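Below: sequence and its predicted model.
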Amino acid sequence: MTSIPQANGSRAPGRRQIPWQALVDATMLLLWGLMLLRFTVTGKLYLLLHPDYMWLAYLAMVLLLALGIARLLQVWSSYRQRGVPAPRSQEHLALLPRQLSSVLLIAIAVFGLIYTPRPFASETAFQRGITDVLGQTRSRPQRFSLGGDSETRTIVDWVRTLNVYPEPDAYAGQGAAVSGFVTHIPDWPDNFIMISRFVLTCCAADAYPVGLPVELPAGTPRPVPDTWLDIKGTMQTITLDGKRQLAIGSATLTEIPEPRTPYEY
Amino acid sequence: MTQLNNGITLFFSLLVEAMPFLLLGVIFSSVLLLFVDEQKLLAIIPKNVVLAALAGSLIGFLFPVCECGNIPVARRLLTKGAPTAVAIGFLLAAPTVNPVVFWATWIAFRDQPEIVFLRVGFTLIVAITIALIFSAQADLRPFLQDNLTRMMGEPEPVAATPSEPEISPLLKSGTFLMQSPGQVLQLDAPPAQVLAQVAVAPPPLIHRLRLMVDNMVLELRELGAVLVIGSAIAAFVQVAVPREVILGLGEGPVSSIVAMMALAWVVSICSTVDSFFALSFASTFTSGALLAFLVFGPMIDLKNISLLLTVFKGRAIIYLFVLAAQLTFLLTLVMNLYTG
């Protein structure tokens, strides 16, 4: 078998040298794998990805960790056996200098290991156009019926149902039990809030907000934006902003902690 | 502060979503490098430029990668001496014309099968046209990054003049080792090329696997860093420019297409998952606009421009961008005007 000649003449045969580049590469791979592992273990992956695509992130995590370990083993075996060239990956093809790439990737992985992603909140909901209450939703309902237990519908279920059959009177009197975070819509009177959720189709980059108006019972203080609430009430038709629409009336509000999966799908 | 947090969350979300696909692309590229005999692959490719462009566009069926994954493969094809038409056709079409993306689009648009098929059709038309335009340039080198052209070695007499007397390889720049008479070994060539030249008999599997790991680590480091920068820019633009600004551009047959192309460019979503994203606009936008999003986005977006820069010089990317944008616009506009 022909051995591969050393392009790098500085590596004298028989002299042990610490293969820094290979070690840095291994560190980078392991840190990225660990970052994904951390997101998985802490459940923060739910803030970033749709559950349907999480297996891809798991796959990446396993591959990155395996590659990192393989790299370390290579370094170790070449360090023990003299004469075996240390693993190296040095094509001169980079847009960025090699050191810069390594530093950038390691820095991002370390940042990802420290930083805790936050779910989107009311301010973003407002920026992304929650005012369009019955905004488009991504998937159409497979089945549409006015029957069934209306209290099992989530916010996005309600919005999808309304998209198919928008007449609010059809739902008046049905019970509603939803949870979400509070958004204040500037033009609305003080006794109305929007209970809202973000909906993901693949990742946080395409999250869009949906919401239902809630009429607060007289004397209830207006909850601050971003408070997570369980809301039970009865559907009613109201006129808000000159638009006839469905709202949750005679509501009871219970404050809840932010759920582990703050998005709906 | 909220904006910053949102930006960072978006940034990680894009990274976590794109990283598996980048990994897949790097794996495919490394397999191509070491386990596929480029001479055989290139020998199958038809000599006719149009057919070559078509063949290049269809290679995606062998390498189901999205736009983060196709660049390492395209780069590899170029360094292995693939004709321009093949490489460009692959680069533009592969992210869309492949089984994974076809499947994803089908899931999303089952109700509108015409979108699924037109997506593939339009992508092929645009990719082949641009591949032909670039083939008019006999030598692609001036468009490529210097370090890539160095790797490609001297221009291969691609199909045209195979019998031309060979210039001594020693007249090239680089570090060489004299082998048997008339044969030299370029030392600063990438490991696999060296390997391919040295080893008459195929090297043992363990050796090739080892080189594969080397190559994967190398490409991950390079393209990973670039992906980080691209995702950061895309996240920043998404946070800084409200989505309404783009969507508010209008819903007419022309403006909706422009708006969706701009959105595709900004959002930089992976082609394997972008159909789900497009679905959200299915009710508000024209079919032509949706197609523009689905065809144009995978070809060139904000994120992969930084990846493209590892292959092409800025000027070539501008040509690619302008041509792809115009062709997509024309095709989808015709569709909008005909189908109303």
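That came in fine, so what should we check first?

Give me the below-cutoff pLDDT ranges for the stretch 51-200 of chain A.
Across the stretch 51-200 of chain A, the ranges flagged by pLDDT under 70 are A:82-96, A:127-148.

Would you map the strands across it?
For the stretch 51-200 of chain A, strands defined by DSSP state E, counting those that start in this stretch occupy the ranges A:175-183, A:192-199.

now swap in chain B and tell me
Applying DSSP state E to chain B gives strands spanning B:176-178, B:184-186.

With only the CA atoms kept, save stretch A:169-186 in PDB.
Extracted as PDB, the C-alpha positions of stretch A:169-186 are listed here (Å, rounded to 0.1, in the frame of the first residue of the first chain):
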ATOM      1  CA  ASP A 169     -73.400  33.100  15.700                       C
ATOM      2  CA  ALA A 170     -72.900  29.400  14.800                       C
ATOM      3  CA  TYR A 171     -70.700  29.100  17.900                       C
ATOM      4  CA  ALA A 172     -72.500  31.400  20.300                       C
ATOM      5  CA  GLY A 173     -73.200  29.600  23.600                       C
ATOM      6  CA  GLN A 174     -70.500  26.900  23.200                       C
ATOM      7  CA  GLY A 175     -68.200  26.400  26.000                       C
ATOM      8  CA  ALA A 176     -64.500  27.300  25.600                       C
ATOM      9  CA  ALA A 177     -61.500  26.300  27.600                       C
ATOM     10  CA  VAL A 178     -58.200  27.500  26.200                       C
ATOM     11  CA  SER A 179     -54.800  28.600  27.400                       C
ATOM     12  CA  GLY A 180     -52.400  31.100  26.000                       C
ATOM     13  CA  PHE A 181     -50.600  34.400  26.700                       C
ATOM     14  CA  VAL A 182     -52.200  37.800  27.000                       C
ATOM     15  CA  THR A 183     -51.800  40.400  24.200                       C
ATOM     16  CA  HIS A 184     -53.200  43.900  24.400                       C
ATOM     17  CA  ILE A 185     -54.600  45.300  21.200                       C
ATOM     18  CA  PRO A 186     -54.300  49.100  21.200                       C
END
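
and that stretch, anywhere near chain B?
No - contact check for stretch A:169-186 against chain B, using C-beta under 8 Å from any C-beta of the partner chain: none in range, with a minimum separation of 12.9 Å. To be clear about C-beta, it is placed using only N, CA and C from the backbone, and glycine gets the same treatment.

what pLDDT, on average, does stretch B:262-282 get?
For stretch B:262-282, the per-residue pLDDT values average out at 74.

got a list of what residue B:120 touches?
Under the criterion of C-beta atoms under 8 Å, 6 or more residues apart in numbering or on different chains, the neighbours of residue B:120 are B:96-97, B:102.

And it, what's its pLDDT?
We have a pLDDT of 94 for residue B:120.

cool, residue B:333 as well?
Looking at residue B:333, its pLDDT is 92.

on that earlier part again, now the contacts of residue B:120 as a markdown table including distance to residue A:211 and pLDDT?
Rendered in a markdown table, the data for the contacts of residue B:120 read as follows (distance: C-beta to C-beta, whole Å; pLDDT from 0 to 100):
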| residue | distance to residue A:211 | pLDDT |
| --- | --- | --- |
| B:96 | 35 | 89 |
| B:97 | 39 | 89 |
| B:102 | 35 | 87 |
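
out of the residues you listed, which is most surrounded?
Counting neighbours by other C-beta atoms under 10 Å in any protein chain shown, the top entry in the contacts of residue B:120 is residue B:96, with 30 neighbours.

Can you report how many residues lie near the spatially closest residue to it that is not a sequence neighbour?
When the adjacent residues along the chain are set aside, residue B:96 lies closest to residue B:123, with 4.3 Å between them (C-beta to C-beta, 6 or more residues apart in numbering or on different chains). Close neighbours of residue B:123, defined as other C-beta under 10 Å, add up to 29.

do the same with the one 4 residues further on
Residue neighbour count, defined by other C-beta under 10 Å, stands at 31 for residue B:127.

so who does the closest residue in space to residue A:175 that isn't next to it in sequence touch?
Excluding its sequence neighbours, the residue lying closest to residue A:175 (C-beta to C-beta, 6+ apart) is residue A:151, at 4.7 Å. The contact partners of residue A:151, by C-beta under 8 Å, 6+ apart, come to A:175-177, A:232.

Low-confidence stretches in chain B?
If you take pLDDT under 70 as the line, chain B has these spans: B:37-39, B:64-66, B:68, B:138, B:152-203, B:242-251, B:273, B:277, B:280-284, B:340.

centroid residue for it?
Most central residue of chain B, judged by C-alpha distance to the mean C-alpha position with C-alpha atoms, centre = their mean, is residue B:91 at 3.3 Å.

Go through the chain and flag its longest helix.
Just going to use chain A. helix A:54-80 (DSSP state H).

that's the wrong chain, I meant chain B
For chain B, the helix that runs over the most residues, judged by DSSP H, is helix B:205-240.

quick check, it touching chain A?
Yes - contact between helix B:205-240 and chain A is present through B:207, B:210, B:213-218, B:220-222, B:224-226, B:228-229, B:234-235, B:238 (criterion: C-beta under 8 Å from any C-beta).

Residue A:17 - that's part of a helix, no?
No - the assignment for residue A:17 is coil, going by DSSP: H, G, I helix; E, B strand; the rest coil, so no helix is present there.

what's around it, how many residues?
Each residue near residue A:17 was counted by other C-beta under 10 Å, and the total is 11.

All set now, cheers.
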